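Asks: sequence plus predicted model, see below.
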Amino acid sequence: MSTGPRFRFAPSPTGSFHVGGARTALQNWALARRLGGTFVLRIEDTDEARNRPEWTEGIIDALAWIGISSDDPHFEGPHFQSDHAAAHVAAAHQLFEAGHAYYCDLSGEEVQLRAKELGTTGYDGYSRDRGLDPAPGRVLRFRVPSGSTVVHDLVRGDVTFDNATIEDFVLLRGNGSPVFLLANVIDDLEMAITDVVRAEEHLPNTPKQQMLWQALGHEPPRWAHVPVLVNEQRKKLSKRRDKTGLELYIADGYLADAMVNYLMTLGWTPPGAEAAGSEIVSWAEVEDAFRLEDVTHSPAFFDVKKLAAFNGEYIRRMSLAEFVERASDELPVEWDRDRFAAIAPHIQERLTTMREVPDKVDFLFWPDGAAIAYEPADWDKAFAPDWSVPLLTDLIEAYRNVPWTADELKASLEQLMEPHSIKLGKAQAPPRVAVTGRSVGPPLFESLEVLGRDETLRRLSAALAVAIDGGGTHAGAPGSPG
RNA sequence: GCCCCCAUCGUCUAGUGGCCUAGGACACCACCCUUUCAAGGUGGCGGCACGGGUUCGAAUCCCGUUGGGGGUGCCA
């Protein structure tokens, strides 16, 4: 058990794990590990309607994916806020007994009505000195002291709030249940949290929570509010408008290391990144160098394009063996793994996400003899030149006897091109479209080598037939193989 | 409305008074390489929001303006 600082990550359970949450979790994790402290996971399930056991599992799985393992000695939890309901209520009563809170019988509508009549904002302290006793339907409100509250924030410095601008906020609802503000503080207190690192949106709550800590007779924790993540409209990333779910990115074939690396560079730069000319850093380096004091103060745009660039970089950095293994997960079970391994080196550097793998190599797995659906535009372009049909005809003849290696296949095409005086770049188009149905794909001769002589010749001949017979219309692309 | 935060290339950022004719990364453009597409290499485009101070000297400090964001629940 660690004795160092205690951080906490306190998500509310939903079916989705927010990428912004992933970032704050990562920051807490880096700090907890480097400082020899603890990362406490607390599920904020106060709102019972939202609580489902599988959601908690989803959170733990998501954390594990980004490298925050519940098996790590620095990990503690999960704790559940709902388990502490009694403590929250007890603390509220304690606050009432000590005179830090009072009951009020005004309903929400009545409060609004009064504010309107008085021309004030929010609750005006109507019941402050009425000495009301607890009763059903009455809310317990905190008696905000006069003066001001200074929040010492590790990323922003001191932030001063005039208490006069903070209304006597609710601690206990009319039905006796505690609100988030209170529950959050009590849990942090009970779990001996020393450092609260969370998103900037909580900054306005902080003076209220700090007053609660003090009213309860405790020193508040160290606060740190990191900037929020925003979309291209510069609005806080929201589940409704934006793609925020970590699970969505996992499904799209993003690598955990790339995601973690990218998330950490939002609002923070690894030392040495500039000199290295690269922002790609290992988690070890992050853990070693991440400091709250170095975090930027302004919101950061979550740029999927840059994430994709990182991801491509990480894919290219994998060893071939690792790449083949991971890519296999993306392939249909019936596809031959050895055949894939043969072409793998040629697609590894052409990817931005793992999800693109099947699409890059599918032509190698079409059933032998299946009709090929040619991309109309690609077909037209490849077979527009008048040399295309004769070239293909000769190529079929040549390929009947040539040794079946990429080099030989290439040499043989080059030899045939000569009389036509065309470049290899153009000459490879007709056979490529004939064999793969498209004009782009992995290197052609390597692909043919993997495909094999029989199926290659078959596809070449089928295309030739269509080219001759379909004339300029190529109407003949029969049904799709896949 | 009120409170709080923020402000360097399109984006993420380096920069903590002279090393800045502002550096890097992503994106974009061009060229090279080339077996299509990528990858890789080289180069390019592009920024200190504005106005006042302070100072010998300001992207850096202060004030104001403008702009953006967050918060203002008996949600979390």
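Replies: Alright, I've got the coordinates. It should be emphasised that the depicted structure is a prediction, and the values quoted were computed from it without experimental measurement.
Asks: and for the closest residue to residue A:407 other than its chain neighbours, the neighbour number?
Replies: Excluding the flanking residues, the one nearest residue A:407 by CB to CB, 6 or more residues apart in numbering is residue A:445, at 7.4 Å. For the C-beta atoms, the positions are set from N, CA and C on the backbone; glycine is no exception. Here the count is done by other CB atoms under 10 Å, and residue A:445 has 18 residues near it.
Asks: verify the contact between residue A:445 and residue A:412 for me.
Replies: No. Counting by CB atoms under 8 Å, residue A:445 sits too far from residue A:412 to count as a contact (9.4 Å).
Asks: so residue A:270, which of the three states?
Replies: Recorded secondary structure, residue A:270: coil (DSSP: H, G, I helix; E, B strand; the rest coil).
Asks: what score does the residue lying farthest from the centre of chain A have for pLDDT?
Replies: For chain A, the largest distance from the centre (CA atoms, centre = their mean) belongs to residue A:419, which lies 54.3 Å off. With respect to pLDDT, residue A:419 scores 79.
Asks: could you measure from it over to RNA strand B?
Replies: According to CB to the nearest atom of the strand, to the nearest Å, residue A:419 and RNA strand B sit 18 Å apart.
Asks: one more: residue A:243?
Replies: With CB to the nearest atom of the strand as the criterion, residue A:243 and RNA strand B are 15 Å apart.
Asks: backbone phi and psi for that residue, please?
Replies: Note on residue A:243: backbone dihedrals following degrees, to the nearest 10 are phi -80, psi 90.
Asks: contacts only, for it.
Replies: Residues near residue A:243 by CB atoms under 8 Å, 6 or more residues apart in numbering: A:249, A:304.
Asks: about what we covered before: ok, the residue nearest to residue A:407 - contacts?
Replies: Counting by CB under 8 Å, 6+ apart, residue A:445 makes contact with A:406, A:407, A:409, A:410, A:413.
Asks: ranges for the strands of chain A?
Replies: A:6-9, A:38-43, A:75-80, A:101-104, A:139-142, A:148-153, A:157-162, A:170-172, A:195-199, A:222-226, A:229-230, A:300-301 (DSSP state E).
Asks: now the third one, how far from the chain's geometric center?
Replies: Shown here is strand A:75-80, whose average C-alpha point lies 22 Å from the average C-alpha point of the whole chain (CA atoms, centre = their mean, to the nearest Å).
Asks: residue ranges in chain A under the pLDDT threshold?
Replies: A:1-2, A:47-51, A:470-482 (pLDDT under 70).
Asks: flag every buried residue along stretch A:68-81.
Replies: Residues A:68, A:74, A:75, A:76, A:77, A:78, A:79, A:80, A:81 are the ones in stretch A:68-81 that count as buried (16 or more other CB atoms under 10 Å).
Asks: nearest to RNA strand B, of these?
Replies: Of all the buried residues of stretch A:68-81, the one sitting nearest RNA strand B is residue A:81; the distance, using CB to the nearest atom of the strand, is 6.7 Å.
Asks: just read off the phi/psi values of the closest residue to that closest one other than its chain neighbours.
Replies: Nearest residue to residue A:81, sequence neighbours excluded (CB to CB, 6+ apart): residue A:44, at 4.9 Å. Here is the backbone geometry of residue A:44 (degrees, to the nearest 10): phi -90, psi 80.
Asks: residue A:44 and residue A:15, how far apart?
Replies: Computed as CB to CB, to the nearest Å, the residue A:44 to residue A:15 distance reads 15 Å.
Asks: quick one: which of these two has more around it?
Replies: Between residue A:44 and residue A:15, counting by other CB under 10 Å, residue A:44 is the more crowded of the two (19 against 12).
Asks: is it true that the more buried one touches residue A:9?
Replies: No. Assessed by CB under 8 Å, residue A:44 is found out of contact with residue A:9, at 10.2 Å.
Asks: which of the strands of chain A is buried the deepest?
Replies: Among these, strand A:6-9 has the highest mean neighbour count (mean count of other CB atoms under 10 Å), at a mean of 26.
Asks: what's next to it, contact-wise?
Replies: Applying CB under 8 Å, 6+ apart, the contact partners of strand A:6-9 are A:21, A:24-25, A:28-29, A:31-32, A:37-42, A:63, A:188, A:191-197.
Asks: which residue lies nearest the spatial centre of chain A?
Replies: Central residue of chain A (CA atoms, centre = their mean): residue A:246, 3.7 Å from the mean position.
Asks: next up, the contacts around the closest residue to it other than its chain neighbours.
Replies: In space, and not counting its chain neighbours, residue A:246 is closest to residue A:17: 4.4 Å by CB to CB, 6+ apart. Contacts for residue A:17 (CB under 8 Å, 6+ apart) come out as A:11, A:58, A:59, A:62, A:245, A:246, A:247.
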